[in-house]
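[1] coords below, sequence missing:
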């Protein structure tokens, strides 16, 4: 069993605890060969320029070759990204990642002629193309999606120019990643025995969960005081991110960055604002939870560094990675043996990079490659890490099923539905653990964790979404995104979301400077909408059984074959309505009541 508390060098990590990167490419040399192949493919595809409207065969030839190119560039970029993420200090993979970004931008530039040409094909002629070449039908949805965006696609020359600007546009995220993962060094925390506890992005939440309040406070202060030391640089990087979003939104004739971001995935802006408004209307549940937390922790003042520690500390348990895998496997049994078989495939064949090592990217994710998904973890033998495993494998199986059941043009699901599958797995795991727990303290501990999921996923991610919306609106109105402005805005939102029973320490004002999702272009709101949808779906699965499971597996297998709102409706959830959010928050309230009774 690996020691999840010791942070090793990458070279010291047991290969069985690493993902099978060789399944993408067996070596760096094979990666170089793929780059050469991509160059030949892009040289070939530009021969179609000016000819897409000539015939059905010409349009099909382009689409088929573009599919091959997309798969190749996904593997090239993915291999570089995976290698870089497990050791951001490795200069070889820093350079490879930079090259991969340049290759991707060049490829997008070479293909940029296609959208304007597809838009120029008259409707009647395009329909005749579908009749003349039956194989073209698998590209119907992707072709019609381009035509849906007609008002925001420019001339071939302008599209090529925007594509060439892509590498510059990636600059803010790249700089943030280097600052956050490779260069960030935080003072260690000293425990009561004088032992140094390493403080990293990966270990921060574990330290914040510590039952020793002094350790929590020191970790909190050490991290945020360090971030404060380069607050102006962090503000400049975030401002640059917003500026590049604004540039592309204006270039594509969108009235705002949020409309540009959401229209790409066909999600109405009203869904984003509905989330924020519904959460605002239900702030009372959060204040109720904070009042209970303060009471159960026996504190005169509840500080920001008191929000993660369990209200039932003596029920805390250590959960090894092997135990976490077993629990997740049993929790998803309700989804059927086929679902479990895919999960076992991932566990047995190194889809997962398990433990933290020096220089490894913080957090967790799943990257859905065609060969199989790759899941990055930083497992810490905690309940939180067990749920992270369930979460990321939900993403992985979503990708696996979509790739297996949809043609390549329709296989990649949009980000709006991405968080549903992951969070549904978490909800099923929680229900499984609660069902199989008779000990009152352990049950209270689990409910404590479930309450924290509501706080951190539904409320906190909505707060992030509101912050992101407000900084974009401010920039569009000519307001400078200085460190002082960002700090004040962030402070005020914390006051609004946590209420009068929480001391909003000034150090939390810098939290925005460590959130990578602010560089993901209006991504975070989908954690909250996905959580709400997942709660509704998991409840339906547990109550109705096979009919609900069938609808859910169909949703997971849908890729982007329909717009995301329609896909979710097919599974039984309407995200244009406040109902799923309200129902999730009512469950939150009932859990608070049960927690108070148990304690």
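    The structure has been received and is ready for your questions. No experiment lies behind these values; they were computed from the predicted model shown.

[2] now do the helices in the stretch 301-450 of the chain.
    321-331, 337-348, 383-405, 415-435, 440-453 (DSSP state H, counting those that start in this stretch).

[3] for the shortest one, packing partners?
    Taking 3 or more Cβ pairs under 8 Å, 6 or more residues apart in numbering; DSSP states H and E as the contact definition, the neighbouring helices and strands of helix 321-331 are helix 337-348, helix 383-405, helix 415-435. Where C-beta positions appear, they are placed from N, C-alpha and C, glycine not excepted.

[4] do the same with the second one
    Helices and strands touching helix 337-348, by 3+ Cβ pairs under 8 Å, 6+ apart, are helix 321-331, helix 383-405.

[5] buried deepest among these, which one?
    Each of these was scored by mean neighbour count; the highest is helix 383-405, a mean of 24, by mean count of other Cβ atoms under 10 Å.

[6] how big is the angle separating that helix from helix 337-348?
    110 degrees (axes from the mean of the first three to the mean of the last three Cα atoms, to 10 degrees).

[7] can you name every helix or strand that helix 383-405 contacts?
    So helix 383-405, by 3+ Cβ pairs under 8 Å, 6+ apart, packs with helix 321-331, helix 337-348, strand 365-368, strand 373-376, helix 415-435, helix 440-453, helix 546-556.

[8] where does the protein have low pLDDT?
    Low-confidence segments of the chain (pLDDT under 70): 1-5, 314-316.

[9] check contacts around the closest residue to residue 85 other than its chain neighbours.
    Closest residue in space to residue 85, ignoring its immediate chain neighbours: residue 361 at 4.1 Å, by Cβ to Cβ, 6 or more residues apart in numbering. By Cβ atoms under 8 Å, 6 or more residues apart in numbering, the residues touching residue 361 are 84, 85, 86, 88, 177, 181, 376.

[10] keep only those of those that are in helices.
    84, 85, 177 (DSSP state H).

[11] could you dump these to a markdown table with neighbour count?
    What follows is these, written out as a markdown table (neighbours: other Cβ atoms under 10 Å):
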| residue | neighbour count |
| --- | --- |
| 84 | 24 |
| 85 | 22 |
| 177 | 20 |
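
[12] and of these, the nearest to residue 558?
    residue 85 (28.1 Å; Cβ to Cβ).

[13] was I right about residue 216 contacting residue 206?
    No - the pair residue 216 / residue 206 is not scored as a contact, 10.5 Å apart, by Cβ atoms under 8 Å.

[14] just to revisit the earlier point, TSV for the ones in helices among the contacts of residue 361, including distance to residue 304?
    Shown next, in TSV, are those (distance: Cβ to Cβ, whole Å):
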residue	distance to residue 304
84	32
85	29
177	25
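
[15] what's the burial count for residue 124?
    Counted with other Cβ atoms under 10 Å, residues neighbouring residue 124 total 8.

[16] secondary structure class for it?
    helix (DSSP: H, G, I helix; E, B strand; the rest coil).

[17] distance of residue 123 from residue 139?
    16 Å (Cβ to Cβ, to the nearest Å).

[18] what about the two, which has more around it?
    Neighbour count, other Cβ under 10 Å: between residue 123 and residue 139, residue 139 has more, with 23 against 8.

[19] who's in contact with stretch 323-338?
    By Cβ under 8 Å, 6+ apart, stretch 323-338 touches 319, 339-340, 343-344, 347, 379, 385-386, 389-390, 393, 425, 428-429, 431-433, 541-542, 545, 549, 552-553.

[20] repeat that for 6 Å
    339, 343, 347, 386, 389, 390, 428, 429, 432, 549 (Cβ atoms under 6 Å, 6 or more residues apart in numbering).

[21] could you dump those residues to JSON lines with distance to residue 26?
    Putting the contacts of stretch 323-338 into JSON lines (distance: Cβ to Cβ, whole Å) gives the following:
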{"residue": "339", "distance to residue 26": "30"}
{"residue": "343", "distance to residue 26": "26"}
{"residue": "347", "distance to residue 26": "22"}
{"residue": "386", "distance to residue 26": "33"}
{"residue": "389", "distance to residue 26": "27"}
{"residue": "390", "distance to residue 26": "31"}
{"residue": "428", "distance to residue 26": "36"}
{"residue": "429", "distance to residue 26": "35"}
{"residue": "432", "distance to residue 26": "39"}
{"residue": "549", "distance to residue 26": "38"}
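
[22] what's the most distant pair in these?
    Top of the distance list for the contacts of stretch 323-338 (Cβ to Cβ): 386 and 549, 22.8 Å.

[23] just want the phi and psi numbers for residue 8.
    The phi/psi pair for residue 8 (degrees, to the nearest 10) reads phi -90, psi 160.

[24] I should have written residue 100 there, sorry.
    The phi and psi values for residue 100, taken as degrees, to the nearest 10, are phi -60, psi -40.

[25] so who does it touch?
    76, 77, 80.

[26] the same query, at a cut-off of 7 Å, please.
    76, 77, 80, 81 (Cβ atoms under 7 Å, 6 or more residues apart in numbering).

[27] and what of residue 172?
    237, 240, 241, 244, 519.

[28] max pairwise distance over these: which two?
    The span of the contacts of residue 172, defined through Cβ to Cβ, is set by 237 and 244 at 11.0 Å.

[29] give me the element the residue nearest to residue 461 when sequence neighbours are not counted is part of.
    Once flanking residues are discounted, residue 461 sits nearest to residue 527: 4.0 Å by Cβ to Cβ, 6+ apart. In this structure, residue 527 sits in helix 525-544 according to DSSP states H and E.

[30] on that earlier part again, want to throw the helices of the stretch 301-450 of the chain into a markdown table with distance to residue 11?
    Shown next, in a markdown table, are the helices of the stretch 301-450 of the chain (distance: least, Cβ to Cβ, whole Å):
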| stretch | distance to residue 11 |
| --- | --- |
| helix 321-331 | 21 |
| helix 337-348 | 24 |
| helix 383-405 | 23 |
| helix 415-435 | 31 |
| helix 440-453 | 35 |
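
[31] these: which one's closest to residue 356?
    Nearest of the helices of the stretch 301-450 of the chain (Cβ to Cβ): helix 383-405, 10.3 Å.

[32] next, the buried residues of stretch 118-136.
    Within stretch 118-136, the residues scored as buried using 16 or more other Cβ atoms under 10 Å are 118, 121, 126, 129, 130, 133, 136.

[33] which residues does it contact?
    Contacts for stretch 118-136 (Cβ under 7 Å, 6+ apart): 52-53, 56-57, 59-60, 63, 137, 140, 143, 146-147, 150, 153.

[34] same thing but 6 Å
    With Cβ under 6 Å, 6+ apart, stretch 118-136 has contacts from 53, 56, 57, 59, 60, 137, 146, 150, 153.

[35] report the distance from that stretch to the chain centre.
    Mean C-alpha position of stretch 118-136 versus that of the full chain (Cα atoms, centre = their mean, to the nearest Å) differs by 36 Å.

[36] just the endpoints, please. Distance across that stretch?
    13 Å (Cα to Cα, to the nearest Å).

[37] what does stretch 377-391 give?
    11 Å.

[38] same thing with stretch 542-551?
    This stretch, stretch 542-551, spans 13 Å end to end (Cα to Cα).
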